[in-house]
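>>> next one to model:
(chains A, B and C, ligands or ions: 3)
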Amino acid sequence: MFGFVLARLLRSLIVLFATVTFVFIVLRLSGDPAQQMLSDIATPEALAAFRTQWGLDRSIAEQYLLYLANAFQGNFGTSFADGREVFTVIGERVPKTLSVTVPAFLLTMLIGIPAGILAAVRRETAADKAVMAGAVVGYSIPNFLLGVALIYLFAVWLRVLPSSGSSTWQHAILPVATLVLAGAATISRFTRSTLIDVLGQPYIAAARADGIPEREIILRHALPNAAIPLVTMLGFGAGGMLGGAVFVETVFAWPGLGSGFVRAVNSGDLNVVQAMILTFTAFMVSINLTVDILYAALNPKIRLGNHDAS
Amino acid sequence: MNPPLLQARGLQKTFRLRSGPLARSVDHVAVDAIDLDLAPRERIGIVGESGSGKSTLGRLLLGLTPPSAGEVRFDGVAHADRRPGDWKAFRRQTSLVQQNPLSALNPQMTIGQQVAEAVWVHRLADRHGARDQAAAMLEKVGLSAELMDRFPHQMSGGQRQRVVIARALVLSPRLVVFDEAVSALDVSVQAQVVAILRSLWQQLDLAYVFITHDLRIVRHLVDRIAVLYLGRVVETGDIRSVYARPRHPYTRALLSSVPSLDPRVRNVAPPVQGDLDPGKAARGCAFRSRCPLAIERCASETPRLRRIDQGHVACHRAEDVRPLPMATAEVA
Amino acid sequence: MTQARTPAWSGRRPRLPAFGWPLSIWMCGAWIAAAIAVGATAQWIAPYDHLQQFPLTRLAAPGALPGHVLGTDYLGRDLLSNLLAATQTTLVIALVGSLICAVIGTSLGLLAAHFGGWLDNLIMGLADAMASVPFIVVALGILAFFGSSPLLFMLLVGIANWERYARLTRGLILSANLEGYAEAARIIGVPDRRVYWRHILPNIAGPLIVQLTVNFPEIILLESGLSFLGLGIQPPATSLGLMVADGRNYLATAWWLSALPGLIIVVTTLSISLLGDFLRDRFDARLR
Ligand SMILES: Nc1ncnc2c1ncn2[C@@H]1O[C@H](COP(=O)(O)OP(=O)(O)OP(=O)(O)O)[C@@H](O)[C@H]1O
Ligand code: SF4
Ligand SMILES: [Mg+2]
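Ligands and ions are numbered 1, 2, ... in the order given. Modelled structure (predicted):
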């Protein structure tokens, strides 16, 4: 178990490291960073000063090391848009993003998992078909479209909720609802198929043959065995929230990481862009690491230390 | 005597096994110090129980897997010295009939295409000619040309196995390795295929290595036999003399329980007590944990192949192995 | 491979093809056929050039003007013509993107399976890395650094999900290589390239095609999403996502400007998903 966690931790670090390296290479490949960062209007002195500050006059290896050092200290320079420290800009947006994605994640699981379980247990009934129909439709509606539809419904037509901004808690309702509807569709579908797989296993048939009541079979036998694949689903779910935030925050003008990322890309604010890439990667890496550890804790093969080569 | 067509010296294959990314690796010797000579048109049988390294030996002989030590020569040329272009010529002269007949044919191609493919990838004929040759070969294994456009799943197990044999023989190879070529078939179908193999050998300039765990079948198909135990040859010799008078306790055990060497029925009548024990191989005789004749010397000294009568045996007490009871020997 | 594990459809016996299909599947098929027809002929069947502006009749509702069946947008452009052009763009990009994705992913999976060793580790490591970050993050990064050109955009939607093909292909080839027929072909001297092309590919094509039907709608969604964010298709070209974004400012007065392109996106992806699921189930049932 300890070795497993250590290996995963190491892997997470490697991913982060690789991402920084990748961004560094792309940045160098895509042209003169000084020009890109400072745009065309920069004076030659400003360019020179920038080059010295970032060590662009030194060898590529030195530049790389310097870049690494800066990146891991969170030093990405200033935003081209408003001249503030990139670190501050990101720091302000993180809580905003968390304040929609975390509730949305919890609600998604609270709705998606029970719906999936219901569908699997009541297989081929009206309940199953309703859940699956909802899931397929939810899966086919992109979340930006869902957001626009909700705005029309609740802000334009019914006029009960605000359509954009983040000043009151009511502003969070529609973004959260969008993320939840989209997320729950995927989660319920996955839960259903996982549970159906487990229910088809021989030991379930054996338990049924022993006359164990169905309720007991689901709670005692099926769900604990489905738990391991479901844990990996938490990872997808969380990743889906972060990816969804890019669209949903833009639709609702919610000032989080996602809309900030889009705005930085649109305005060519590369300092912010690189920091955003690393922030998102860092989030994903920590999510995946958490999932891996949970997975290890649940999986007896790993917990007891005799893990195999997979 | 003819010069050897195939010659193996000191052949060894070690598989490195790892149970996990951080686990220590273990070396498993699948084939150990095997010498083997095969003259043109000679037929040799390789017998041994499951896991004794028969398939691995067959693959080594055909250069399908590189040996860990030792060398194989075909027509005097070592596999290791062969360059990419030479391999093609070698492949044309050799062939393998694989152990698993169910997966040996491509489910998406007709059997005619599969047999003909061998001919035309070697540019031995154009597509038309290749098809004719394939038809002729299929005819020889008893399949009419009408079956050429069938897909493998439209044929019976025995028919499929004959297709596999036809594909292996269509280039008139000089050497073929048959790996359990008939073991998966029903007994009656086995007899048919054995008869076909015998008659084909009469017509062709063919030497072969016949791998099997079924001692009854091999008797009718080979001139010589080599008995494998845990990757080593424990006894080899002329088929008649080995069957008449086995000199190794393992061979004797196999022959005294002839039909039951098949792994599927081993539980019913174990040929020898105990299981294969790969851990024991390091020093002494690998067979000693199962051998009724084992003595102290067997644990300390590895028996080497030595000449007895016509054959070779690796056993310290070969002279003490009793002859088979008359009845068993007859049946075998 | 011929034995599907779950008995999910064991109750249903395969009927004659097509005749027993439910109505919903027919409708999906019809929609997809219509979409393909539009994708192929949009420039000829559109009543107007999609950029032509009629300044006097802006924001006309559907049915309100005889000349514009679906009305006009905020610049007085014919909505129907715009929808047709946008559908064409979206479908073409999704098609090219899916093919690029399939080719890149399949090739890399094949390389990984064939050479093994460090190349395998490298490719699969890359695949893991891709799968561990939402693709939109990668996409935004690339667009930021290289700007958005139509060609780059097409490549970009093409590399989304390549790792799925790579993993799938690698797994399929590794197991096909264990099957006797691939080795048998090599033994009789069939060159590697022909073994892959003639022997292995036809045997693994089924799952790859299934992957294509799963991937295609996702690429439509990705394309429209990026265009919605203003990072994909740029005016004067148009795409469904871009139309939804443009219409957003007129939700109060002309909601259909967003709703109609949105509806096309949803119905198209839904149809492909449903048809794909359905065919997959039947296909599997056949194999059993
Ligand atoms: N590719 C491989 N990697 C690791 N070990 C292997 C490999 N191939 C064979 N072995 C091992 O080598 C030993 C010999 O295997 P081989 O297939 O040659 O046996 P066999 O005599 O043909 O058995 P069977 O009658 O079951 O076919 C076995 O212990 C097997 O597990
Ligand atoms: S050497 Fe000893 S243990 Fe080995 S077979 Fe002969 S008698 Fe038995
Ligand atoms: Mg074998």
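>>> which SSE is B:A8 in?
strand B:6-17 (DSSP states H and E).
>>> lowest average confidence, helix or strand, in the chain?
No chain specified, so I'll use chain A. helix A:33-38 (a mean of 60; mean pLDDT, DSSP states H and E).
>>> should've been chain B
helix B:326-331 (a mean of 52).
>>> quick one, what contacts residue 139?
Because you didn't say which chain, this covers chain A. Shown in contact with A:Y139 (CB atoms under 8 Å, 6 or more residues apart in numbering or on different chains): A:185-186, A:189, C:273. In this view, the C-beta of every residue, glycine as well, is placed from N, C-alpha and C.
>>> actually chain C
C:A139 touches C:156, C:160, C:222, C:226, C:231, counting by CB under 8 Å, 6+ apart.
>>> dump the residues you listed to JSON lines, plus secondary structure, distance to B:L57 and pLDDT.
Shown next, in JSON lines, are the contacts of C:A139 (DSSP: H, G, I helix; E, B strand; the rest coil; distance: CB to CB, whole Å; pLDDT from 0 to 100):
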{"residue": "C:L156", "secondary structure": "helix", "distance to B:L57": "53", "pLDDT": "86"}
{"residue": "C:A160", "secondary structure": "coil", "distance to B:L57": "49", "pLDDT": "86"}
{"residue": "C:L222", "secondary structure": "helix", "distance to B:L57": "54", "pLDDT": "88"}
{"residue": "C:L226", "secondary structure": "helix", "distance to B:L57": "59", "pLDDT": "88"}
{"residue": "C:L231", "secondary structure": "coil", "distance to B:L57": "62", "pLDDT": "84"}
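>>> could you give me the ChimeraX syntax to select whichever of the residues you listed are buried?
To isolate the buried ones among the contacts of C:A139 in ChimeraX, judged by 16 or more other CB atoms under 10 Å in any protein chain shown, type:
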select /C:156,160,222,226,231
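>>> the contacts of C:A139: which two are farthest apart?
Of all pairs drawn from those, the greatest distance, 13.7 Å, lies between C:A160 and C:L231 (CB to CB).
>>> follow-up on the earlier one: mind listing which of the contacts of A:Y139 are in strands?
Among the contacts of A:Y139, DSSP state E puts none in strands.
>>> relative to B:M148, which of these is nearest.
For these, the nearest to B:M148 is C:S273 (41.9 Å; CB to CB).
>>> how much space is there between the nearest residue to the closest one once chain neighbours are set aside and A:L27?
In this structure, C:S273 finds its nearest non-sequential neighbour in C:P217, 5.4 Å apart by CB to CB, 6 or more residues apart in numbering or on different chains. Counting by CB to CB, to the nearest Å, the separation of C:P217 from A:L27 is 34 Å.
>>> between the two, which one's more packed in?
Regarding C:P217 and A:L27, a neighbour count based on other CB atoms under 10 Å in any protein chain shown identifies C:P217 as having more, with 22 against 17.
>>> let me know the secondary structure of that one.
Per DSSP: H, G, I helix; E, B strand; the rest coil, the local secondary structure of C:P217 is helix.
>>> tell me who's in contact with it.
Residues in contact with C:P217, defined by CB under 8 Å, 6+ apart, are A:140, C:268-270, C:272-273.
>>> does the strand holding B:A8 come close to ligand 1?
Yes: if you take CB under 6 Å from any ligand atom as the test, strand B:6-17 does meet ligand 1, through B:F15.
>>> got the buried residues for that strand?
Those would be B:6-8, B:11-13, for strand B:6-17 by 16+ other CB under 10 Å.
>>> give me the phi and psi angles of B:R123.
The phi/psi pair for B:R123 (degrees, to the nearest 10) reads phi 50, psi 40.
>>> what's the neighbour count on it?
B:R123: 8 neighbours (other CB under 10 Å).
>>> what does A:S166 give?
18.
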